[in-house]
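Undergrad: take this sequence and fold it.
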Amino acid sequence: DTQGNDLNVLRGAGGRMGNVQALMLEMSVQPIYEGAPSHWQVGGFVHDLGFEPYGFATVSRDGQGGMIEYDAIFKRMRPAG
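TA: Below is the predicted model of the structure:
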């Protein structure tokens, strides 16, 4: 759990991401950490790396039932690049 820094971790992996076949990320729908990217930004980034969604699971909801966070599993759909 990188406390809202998933995108920075993925960027830091650089060329090593080509060896990764699957990712599990905790995605925030509602802002939790200041300056953290939206789940749309993170999802777009991993898609551009060659991953597609494989599964989702709700982690937490707010008092009205709205989703706060979810776990997202992505699998490699094509080589990185």
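Undergrad: so where's this structure shaky on pLDDT?
TA: 79-81 (pLDDT under 70).
Undergrad: spatially central residue for it, please.
TA: Centroid-nearest residue in the chain: L25, 4.2 Å away (criterion: CA atoms, centre = their mean).
Undergrad: could you pull out the helices for this protein?
TA: 6-13, 39-48 (DSSP state H).
Undergrad: can you give me the neighbour number for E69?
TA: 16 (other CB atoms under 10 Å). For every residue, glycine as well, the C-beta is placed using N, CA and C.
Undergrad: show me what it is bridged to.
TA: In this entry, E69 is beta-bridged to S28, S60, by DSSP bridges.
Undergrad: redo the helices of the chain as CSV? Include mean neighbour count and distance to I32.
TA: Output for those, formatted as CSV (neighbours: other CB atoms under 10 Å; distance: least, CB to CB, whole Å):
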stretch, mean neighbour count, distance to I32
helix 6-13, 14, 12
helix 39-48, 15, 11
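Undergrad: for Y33, find the nearest of those helices.
TA: helix 6-13 (10.2 Å; CB to CB).
Undergrad: and that closest one, what does it pack against?
TA: With contacts taken as 3 or more CB pairs under 8 Å, 6 or more residues apart in numbering; DSSP states H and E, helix 6-13 sits against strand 22-28, helix 39-48.
Undergrad: what's in contact with the shortest one?
TA: The reference is to strand 22-28. Strand 22-28 is contacted from outside by 1, 4, 6, 10, 36, 38-39, 42-43, 46, 51, 54, 59, 68-76, using CB atoms under 8 Å, 6 or more residues apart in numbering.
Undergrad: quick revisit: now tabulate the helices of the chain in TSV and tack on distance to G63.
TA: Formatted as TSV, the helices of the chain follow (distance: least, CB to CB, whole Å):
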stretch	distance to G63
helix 6-13	26
helix 39-48	20
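Undergrad: where's the residue nearest to the centre of the chain relative to G63, distance?
TA: 25 Å (CB to CB, to the nearest Å).
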